[in-house]
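Visitor: give me a model of this one.
(chains A and B)
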There are 2 protein chains.
Amino acid sequence: MKIKAPYLLFFGESTKAKTATGVFYWRPELCMAQLKYEGCPIDLGIPNMTPTEAFDAGIKTLVIGVAPPGGQLPDHWKLTLLEALDAGLDIASGLHTRIMDIPEIANKAKELGRQIFDVRHPVENFDVGKGIKKTGKRLLAVGTDCAVGKMFATLAIEKEMKARGMNVDFRATGQTGIFIAGKGVSVDAVVADFISGATETLCPNNTDDHWDIIEGQGSLFHPSFAGVTLGLIHGSQPDVMVLCHEAGRNNIIGVEGFPLPELETAVFAYEYHARLTNKNAKVVGICINTSALGDAEYEAYLNAVEDKAGLPAVDPVRTGVGKIVDVL
Amino acid sequence: MKIKAPYLLFFGESTKAKTATGVFYWRPELCMAQLKYEGCPIDLGIPNMTPTEAFDAGIKTLVIGVAPPGGQLPDHWKLTLLEALDAGLDIASGLHTRIMDIPEIANKAKELGRQIFDVRHPVENFDVGKGIKKTGKRLLAVGTDCAVGKMFATLAIEKEMKARGMNVDFRATGQTGIFIAGKGVSVDAVVADFISGATETLCPNNTDDHWDIIEGQGSLFHPSFAGVTLGLIHGSQPDVMVLCHEAGRNNIIGVEGFPLPELETAVFAYEYHARLTNKNAKVVGICINTSALGDAEYEAYLNAVEDKAGLPAVDPVRTGVGKIVDVL
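Guide: The predicted structure is shown next:
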């Protein structure tokens, strides 16, 4: 599976487009145009195009980078998707609803030979994890919680490593990451037996100087998703991990009554489990979203974390990730 | 979902029937008859019946408790399944192949109003785990490895507790267990995001004196399946755990190069993770399959384990599980 670029980013009448915004932030060169309905306030500052205009301009895929209001796919969105197929575009969707389950769309795609990528619904047949040590080097982002900036941290690290001429690939494990990389596996959507096996597929054997920079998912400390995280750790066999955290967050999101772990506790737990499939695994740095702190505060906060944990601590947005890449 | 008993156990021409044998061992009262082709050596000592004879005798469900040779469903098995539907029986299957994906079978079941249970393929829509503490008490079997007797241990514990008049339910998490209980969830077959959520559904709120005895799956120390195990731990919120182990096993099965953990290491890891959703969780006993040891050796082995781990150690087959039920 490889989603062909460039993309036509489709917003419908949505008011937020976190996924599309993420793709545009990290890969503006893939985002050639946008398509939205009247009243949609989102504007990435790229040309508005119809599907036909997009195809004529060389665009290959319409990307649905938003969720429809209410969660159900409205009929007028369907018409736009059918129009895109007719115009010559593939479709890539990050919706929970499977686009391939809409018969009109599936039939037209088949008839015209277009590809549909439901990136939240892996279609590959995975094997179970084997635990055989792979060649090449791997970095995995882990977190004190979900939604603490693991994708941002890994993409920032990939960018910095590329800038230094290192041999590196970002490996996507969630929908936004998959649009950014054009490929990947939504590991939280695979059948439970195959979490580590799917992750092994995502980061195959490579040359000794090559780094896979693997987007993390979930957290060992989140009671809803820790199983996904553990399978991802075992399958990715990380040589190094970066621990991601949000300054000021005290409780695990989406559930009640679960305090965040101490950073030292998290470092211990991640290293403990990662060493099952890579005995040298270690946490080499901490990435902190310090957006809750003022300009006068965040440096002292990062310094305090460094002193306590004995590891480099950065805010990928404010300080960059150079200090972490220095140790790779 | 509730698979209706009694069962007609179907073997085809298989030579092994681990699942059917397990169901017959624990629930002989559910297993009224068997159906097999010429040359099949399996015989549980119950009457042979055709589907029509079975229906006339009051049997409700044909249970496929074997795997077809070669893994693919042979055409003559299909004919037998269609005959069972015609005769008035539901079908419950533990095959990897989804019976409902065979159009002739799905169509006939729909037409006649029969139920098909593909127990390896959960069809429920689960929610993500919430981590909200449930009422009632829960015991979960965990293991130093996969296939160390977790199902046997939990069924033995359930039986002993019932014999003592305790209020108890066995909760099945795998195919054989589901045929035994008539219901349950194959947790390793749910989508990764919903492992703990599905497990929460399996063990709902209950009265203070009630025990759920939850069949375990996988092992935190198995690089293929640890994610399943961790989600199961978090979703089941165990008050107590029994650690299962096989005497003489040195390496994790199905993979190469993974030694079994020390029992103390396993106790630590299971308690550490279980305390995320139940702060009082503890391992209260060790169930050991000592079949590799002679009659002169196994007692000394169990005694040595008790002394070292400071926990009661039993072989559910040789000593029974009374010592463990004593502490519940």
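
Visitor: would you mind listing what in the stretch 1-150 of chain A touches chain B?
Guide: In this structure, the stretch 1-150 of chain A approaches chain B at residues A:Val128, A:Gly129, A:Lys130, A:Gly131, A:Ile132, judged by C-beta under 8 Å from any C-beta of the partner chain. Backbone N, C-alpha and C define where each C-beta goes, glycine included.

Visitor: mind putting those into a markdown table with distance to A:Ala198, neighbour count and secondary structure?
Guide: A markdown table is the format used below for those (distance: C-beta to C-beta, whole Å; neighbours: other C-beta atoms under 10 Å in any protein chain shown; DSSP: H, G, I helix; E, B strand; the rest coil):
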| residue | distance to A:Ala198 | neighbour count | secondary structure |
| --- | --- | --- | --- |
| A:Val128 | 10 | 20 | coil |
| A:Gly129 | 8 | 28 | coil |
| A:Lys130 | 12 | 17 | coil |
| A:Gly131 | 14 | 24 | coil |
| A:Ile132 | 15 | 13 | coil |
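
Visitor: and those residues, which two are furthest apart?
Guide: Between any two of the residues of the stretch 1-150 of chain A next to chain B, the greatest separation by C-beta to C-beta is 12.0 Å, found for A:Val128 and A:Ile132.

Visitor: hang on, A:Cys244 in a strand?
Guide: Yes - according to DSSP: H, G, I helix; E, B strand; the rest coil, A:Cys244 belongs to a strand.

Visitor: let's see the pLDDT reported for it.
Guide: pLDDT, the model's per-residue confidence, is 98 for A:Cys244.

Visitor: distance-wise, check it relative to A:Pro69.
Guide: Distance of A:Cys244 to A:Pro69, given as C-beta to C-beta, to the nearest Å: 30 Å.

Visitor: what of A:Ala274?
Guide: Per C-beta to C-beta, A:Ala274 is found 41 Å from A:Pro69.

Visitor: comparing those two, which shows the higher neighbour count?
Guide: Here A:Ala274 and A:Pro69 are set side by side on neighbour count (other C-beta atoms under 10 Å in any protein chain shown), and the busier one is A:Ala274, at 25 against 11.

Visitor: what's the closest non-adjacent residue to that one?
Guide: Among residues not flanking A:Ala274 along the chain, A:Ala281 sits closest, at 3.5 Å (C-beta to C-beta, 6 or more residues apart in numbering or on different chains).

Visitor: surely the one you found meets A:Met241?
Guide: Yes - under the criterion of C-beta atoms under 8 Å, A:Ala281 lies in contact with A:Met241, with a separation of 6.7 Å.

Visitor: what's the overlap in contacts for those two?
Guide: Overlap of the contact sets of A:Ala281 and A:Met241 (by C-beta atoms under 8 Å, 6 or more residues apart in numbering or on different chains) consists of A:Glu271, A:Ala274.

Visitor: helices of chain A, residue ranges please.
Guide: Ranges of helices in chain A, per DSSP state H, are A:18-26, A:51-56, A:75-87, A:103-112, A:150-163, A:175-181, A:195-202, A:226-236, A:263-274, A:298-309, A:322-325.

Visitor: could you say which of these is packed most deeply?
Guide: The highest mean neighbour count among the helices of chain A, using mean count of other C-beta atoms under 10 Å in any protein chain shown, belongs to helix A:226-236: a mean of 30.

Visitor: and it with chain B, contact?
Guide: Yes - contact of helix A:226-236 with chain B is found when judged by C-beta under 8 Å from any C-beta, involving A:Ala226, A:Gly227, A:Val228, A:Thr229, A:Leu230, A:Gly231, A:Leu232, A:His234.

Visitor: which residues of the stretch 1-150 of chain A fall in strands?
Guide: A:7-12, A:31-36, A:61-64, A:90-93, A:116-118, A:137-143 (DSSP state E, counting those that start in this stretch).

Visitor: tell me the strands beside the longest one, with direction?
Guide: Based on DSSP bridges, the strands next to strand A:137-143 in the sheet, each with its direction, are strand A:210-214 (parallel), strand A:240-246 (parallel).

Visitor: contacts for that strand next, please.
Guide: Counting by C-beta under 8 Å, 6+ apart, strand A:137-143 makes contact with A:149-151, A:153-154, A:157, A:203, A:208-216, A:218-220, A:229, A:232-233, A:236-245, A:266, A:270, A:274, A:278, A:283, A:287, A:328, all of which sit outside it.

Visitor: give me the mean pLDDT for stretch A:163-172.
Guide: What stretch A:163-172 shows for mean pLDDT is 98.

Visitor: that one: end-to-end distance?
Guide: Start-to-end span of stretch A:163-172 (C-alpha to C-alpha, to the nearest Å) is 20 Å.

Visitor: returning to that earlier point: make JSON lines from the strands of the stretch 1-150 of chain A and add distance to B:Tyr37 and mean pLDDT to it.
Guide: Rendered in JSON lines, the data for the strands of the stretch 1-150 of chain A read as follows (distance: least, C-beta to C-beta, whole Å; pLDDT from 0 to 100):
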{"stretch": "strand A:7-12", "distance to B:Tyr37": "56", "mean pLDDT": "97"}
{"stretch": "strand A:31-36", "distance to B:Tyr37": "60", "mean pLDDT": "98"}
{"stretch": "strand A:61-64", "distance to B:Tyr37": "51", "mean pLDDT": "98"}
{"stretch": "strand A:90-93", "distance to B:Tyr37": "47", "mean pLDDT": "97"}
{"stretch": "strand A:116-118", "distance to B:Tyr37": "42", "mean pLDDT": "97"}
{"stretch": "strand A:137-143", "distance to B:Tyr37": "50", "mean pLDDT": "98"}
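
Visitor: quick one: closest of those strands to A:Arg318.
Guide: Taking C-beta to C-beta as the criterion, strand A:137-143 is the member of the strands of the stretch 1-150 of chain A that comes nearest to A:Arg318, at 17.7 Å.

Visitor: quick one: the closest one to helix A:263-274, angle?
Guide: Strand A:137-143 runs at 130 degrees relative to helix A:263-274, counting by axes from the mean of the first three to the mean of the last three C-alpha atoms, to 10 degrees.

Visitor: low-confidence ranges in the stretch 151-300 of chain A?
Guide: For the stretch 151-300 of chain A, not a single residue meets the criterion pLDDT under 70.

Visitor: contact residues of it facing chain B?
Guide: Near chain B, the residues belonging to the stretch 151-300 of chain A are A:187-193, A:195-197, A:220-221, A:223-232, A:234, A:254-258, A:269, A:272-273, A:276-277 when assessed by C-beta under 8 Å from any C-beta.

Visitor: and the residue of the stretch 51-200 of chain A that's closest to chain B?
Guide: Nearest residue of the stretch 51-200 of chain A to chain B, counting by C-beta to the nearest C-beta: A:Gly131, 3.5 Å away.

Visitor: for that residue, what are its contacts?
Guide: When contacts are counted by C-beta under 8 Å, 6+ apart, A:Gly131 touches A:Ser196, A:His234, A:Leu276, A:Thr277, B:Pro223, B:Ser224, B:Val255, B:Glu256, B:Gly257, B:Phe258.
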